[in-house]
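K.L.:
prediction below, plus the sequence it came from.
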Amino acid sequence: MPGSGRRAGPRWQQVDLGLFIGALGLSVVGVVLVWSATRASSGGSAALKQLVALGVGIACAAVVARLDVRSVRALAPVVYVLAVLGLAAVVSPLGSTVNGSRSWIRLPGGMTLQPSELMKVALAVGLAMLLAERAERGLRQRHRDVVLAWVVAGIPVLLVLAQPDLGSALVLVAMSVVIIAAAGAPWLWTVAVLVAGAGAVAAAFLTPLLSGYQRNRLRAFLDPSLDPQGIGYQTRQVRVAIGSGGLGGQGLFEGRQTQGGFIPFQETDFVFSVAGEELGFLGAAGLVVLIGFIVVRCVVVARRADAFGRLVAIGVAVWLGVQAFENIGMNLGLMPVTGLPLPFVSSGGSSLIASWVAIGLVGNVAAASVRHRGPAGPAGVGAGGPSRATR
């Protein structure tokens, strides 16, 4: 019925409040864990910075969620170009190197910006905008469309590898593979890209593509004795911390490894170990459940959305899911240490703000789906727009 979308309820009831509540709960826990990991060395300053970033992130998510979806689609090229310029600035003299990776731009007031985190937002909306038109009509993507999509994805991937930041590059590639495949690309493209990706990972081990520091981190994953004073020491201490937490943990601010400062970069790469040691198996499992809930909600929103919204929500689900899997895996010794933060939890303003912008995007898609369906509209209309018989 014309205009039925306007009677679907107030805007705030349409944005999937469960998604926002889950992200907020995860972020608050993250602030507490960052505080615990840094209170002995820096008091509450790191936790305060995380709180400020959380406030900025929530504000950005609220703005994005209220935008008209047509505005999001129209702004996608602008956001993509700005993100690429940010990545280019990183590898220029404006960039700052930390631990062998030139991934940050220093800002006034002691703040830093990591453009690779914001690129994840830009790539999700950019690829969705590029591929949505044919997907909306249920048509398979043409080869030239897929080539253009991979050029759009390949530019930021190469710039991120130039930093070098293998972890973020793998997340961008995973997002691109799933978005392009979900948009209806011929399956041979997906197979070819996966084979090329495996070759790129092999090249990372065998060539100077990565810095010596990063190659040592990857090799130490296979044999910690190769770097007993560096990453091998870190990963052993992380496993000791998680193992000592038991079922219920040693208590907040009471973890021996955490409060003793035995784990370098614990508030960023290894924040999951704080939960494992101080909150125990139950607390760490709670984090996993919350992250899984957010990823599943993104997939649910994708199933109800039109083509553009579906591709955006799928991209966000892959981004958060792959990044969380890698971070938790490297804490448990199941994945190599690549420096990827745990979404919403690890210390880092760029990561936290970008994650909240992603939540705002998915909330926007959810609200658009409710308006298009109407309060009791058929699921088929919300999932893919009007049927092809009515076009």
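P.N.:
Good, I have the coordinates. Numbers count the residues shown, from 1 in each chain.
K.L.:
any weak-confidence spans in the stretch 101-250 of the chain?
P.N.:
In the prediction, the stretch 101-250 of the chain carries residues with pLDDT under 70 at positions 101, 109-110, 200-201, 203-231.
K.L.:
walking through it, point out its strands one by one.
P.N.:
Taking DSSP state E, counting those that start in this stretch to define them, one finds strands in the stretch 101-250 of the chain at 101-106, 112-113.
K.L.:
how about the first one: buried residues?
P.N.:
Translated: strand 101-106. Burial within strand 101-106, assessed by neighbour count using 16 or more other Cβ atoms under 10 Å, is assigned to Ser101, Arg102, Ser103, Trp104, Ile105. C-beta coordinates here come from the backbone N, C-alpha and C atoms, glycine included.
K.L.:
nearest to Gln141, of the residues you listed?
P.N.:
Nearest to Gln141 among these is Ser103, at 32.0 Å by Cβ to Cβ.
K.L.:
right, and that closest one touches Gln114 too?
P.N.:
Yes: because the distance of 5.6 Å satisfies Cβ atoms under 8 Å, Ser103 is recorded as touching Gln114.
K.L.:
can you tell me the helix or strand for the closest residue in space to Ala124 that isn't next to it in sequence?
P.N.:
If the residues on either side of it in the chain are set aside, Ala124 comes closest to Gly315, at 3.5 Å by Cβ to Cβ, 6 or more residues apart in numbering. Assessed by DSSP states H and E, Gly315 sits inside helix 307-331.
K.L.:
how far does the helix or strand just after that helix sit from its chain's centre?
P.N.:
The helix or strand immediately downstream of helix 307-331 is helix 349-373, counting by DSSP H and E. Taking Cα atoms, centre = their mean, to the nearest Å, the mean C-alpha location of helix 349-373 is offset from the chain mean by 13 Å.
K.L.:
next: stretch 297-309.
P.N.:
For stretch 297-309 - counting by Cα atoms, centre = their mean - the centre lies 17 Å from the chain centre.
K.L.:
ditto for stretch 169-178
P.N.:
Relative to its chain's centre, stretch 169-178 lies at 11 Å (Cα atoms, centre = their mean).
K.L.:
who's in contact with that stretch?
P.N.:
The set of residues external to stretch 169-178 that reach it, using Cβ atoms under 8 Å, 6 or more residues apart in numbering, is 116, 119-120, 123-124, 127, 149-150, 153, 156-157, 160-161, 190, 193-194, 197, 201, 314-315, 318-319, 322-323, 326, 338, 340.
K.L.:
ok, 6 Å please
P.N.:
Residues external to stretch 169-178 that are found in contact with it (Cβ atoms under 6 Å, 6 or more residues apart in numbering): Leu123, Ala153, Val157, Val160, Leu161, Val193, Gly197, Gly315, Val318, Trp319, Val322, Gln323.
K.L.:
how about those in CSV, adding neighbour count and distance to Ala174?
P.N.:
Conversion of those to CSV gives the following (neighbours: other Cβ atoms under 10 Å; distance: Cβ to Cβ, whole Å):
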residue, neighbour count, distance to Ala174
Leu123, 27, 11
Ala153, 22, 11
Val157, 22, 11
Val160, 26, 13
Leu161, 19, 14
Val193, 20, 10
Gly197, 17, 9
Gly315, 29, 10
Val318, 23, 6
Trp319, 26, 8
Val322, 20, 5
Gln323, 27, 9
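K.L.:
how close does the closest residue to Val240 other than its chain neighbours sit to Cys60?
P.N.:
The shortest distance from Val240 to any residue that is not its chain neighbour, by Cβ to Cβ, 6+ apart, is 6.0 Å, and that residue is Gln257. With the distance defined as Cβ to Cβ, to the nearest Å, Gln257 ends up 35 Å from Cys60.
K.L.:
equivalent analysis for Gly309, please.
P.N.:
19 Å.
K.L.:
with neighbour numbers in mind, choose between these two.
P.N.:
The residue with more neighbours, out of Gly309 and Cys60, is Gly309; 29 against 17, by other Cβ atoms under 10 Å.
K.L.:
rewinding a little: got the contact list for the residue nearest to Ala124?
P.N.:
Contacts of Gly315 were listed using Cβ under 6 Å, 6+ apart, and they are Ala124, Met175, Ile179.
K.L.:
now, which of the residues you listed sits nearest Phe281?
P.N.:
The closest of these to Phe281 turns out to be Met175 (Cβ to Cβ; 30.7 Å).
K.L.:
for that closest one, grab the count of nearby residues.
P.N.:
Met175 sits with 24 neighbouring residues when counted by other Cβ under 10 Å.
K.L.:
excluding chain neighbours, what is closest to Val98?
P.N.:
Closest to Val98 by Cβ to Cβ, 6+ apart is Trp104, at 6.3 Å.
K.L.:
now that the one you found has come up, it's in contact with Gln114, right?
P.N.:
Yes: taking Cβ atoms under 6 Å as the contact criterion, Trp104 and Gln114 are neighbours in contact, 5.4 Å apart.
K.L.:
what's the neighbour count on Arg236?
P.N.:
The number of residues near Arg236, taken as other Cβ under 10 Å, comes to 15.
K.L.:
for Ala275, see how far away the residue nearest to Ala124 is.
P.N.:
Relative to Ala275, Gly315 is positioned 27 Å away (Cβ to Cβ).
K.L.:
now distance to Leu290 too, for the strands of the stretch 101-250 of the chain, in CSV please.
P.N.:
What follows is the strands of the stretch 101-250 of the chain, written out as CSV (distance: least, Cβ to Cβ, whole Å):
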stretch, distance to Leu290
strand 101-106, 27
strand 112-113, 27
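K.L.:
still on that earlier bit, distance check, the residue nearest to Ala124 against Gly43.
P.N.:
Spatial separation of Gly315 from Gly43 under the definition Cβ to Cβ is 38 Å.
K.L.:
then Ala366?
P.N.:
Taking Cβ to Cβ as the measure, Ala366 and Gly43 are separated by 39 Å.
K.L.:
mind checking which of these two has more residues around it?
P.N.:
Higher neighbour count among Ala366 and Gly43: Ala366, with 27 against 11, using other Cβ under 10 Å.
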